[in-house]
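A.B. asks: Structure of the sequence below:
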Amino acid sequence: MKKNILVLCTGNSCRSQLAEGYIRFFHGHKAHVYSAGVETHGVNPRAIATMQEDGIDISMHTSNLVDEYLSIPFDLILTVCDHASERCPVFPSSAKRIHHNFSDPAKATGSEEEIRSAFAAVREEIKHFCAALVV
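C.D. replies: Residues are numbered from 1 along each chain as shown. A predicted model of the protein is given here:
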C-alpha cells in the first residue's frame, strides 16, 4: 500500500514544490505525494526552471492550501520551512512529522546568475534530503 506524504511550506511556491518533485522522482512507486502551503503564492517560475535543469518537470504542479488535504490520512508530513512548521494545522492522524528548514531561494538577490545559483543550491540540498528520506 502506498503511503500518503504531504510536503508543507509557507506559500507552496518553491521549496515544497521542489521536494514534491524529488519525492515523486525517488519514491513515487511507494508514495502518493502532495504539497501545500499555509498560504498559496503560485508555483515559482524559477522553481520550475531549476527542476527542469535537473530533468524533472514540475510545470503542471499547482499551489494548494493545506486545508484542501485535511481529510487525507497522511503517513508523513514534511515541513520544509520554519514558518510552515509553526503554523501547521493539527491533522487527525498519527502521521510522522519531519521538519527541515531549507533556505528560501525566492528571497535571493543579486545578478541573474547569483539568483539561479541560489535556486540550484537549495535544489541540491532538497534533492539529497529527499533521496535519503525513508518512506
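A.B. asks: Return the distance of Glu53 relative to Ala121.
C.D. replies: 12 Å (Cβ to Cβ, to the nearest Å). (Glycine included, C-beta is placed from N, CA and C.)
A.B. asks: Those two: who's more crowded?
C.D. replies: Ala121 (15 against 11; other Cβ atoms under 10 Å).
A.B. asks: just checking, the more buried one touches Asp104?
C.D. replies: No: using Cβ atoms under 8 Å, Ala121 makes no contact with Asp104, being 11.7 Å away.
A.B. asks: Now do the strands in this protein.
C.D. replies: Taking DSSP state E, the strands of the chain run over residues 3-9, 31-37, 76-79, 96-99.
A.B. asks: ok, the third one: who's next to it in the sheet?
C.D. replies: So the one you mean is strand 76-79. The strands beside strand 76-79 in its sheet (DSSP bridges) come out as strand 3-9 (parallel), strand 96-99 (parallel).
A.B. asks: State the mean pLDDT of that strand.
C.D. replies: Across strand 76-79, pLDDT averages out at 93.
A.B. asks: Reformat the strands of the chain as CSV; add distance to Arg15 and mean neighbour count.
C.D. replies: Output for the strands of the chain, formatted as CSV (distance: least, Cβ to Cβ, whole Å; neighbours: other Cβ atoms under 10 Å):
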stretch, distance to Arg15, mean neighbour count
strand 3-9, 5, 24
strand 31-37, 9, 23
strand 76-79, 10, 24
strand 96-99, 12, 14
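A.B. asks: Can you tell me the centre-most residue of this structure?
C.D. replies: Residue closest to the mean C-alpha point of the chain, counted by Cα atoms, centre = their mean, is Ser16 at 1.7 Å.
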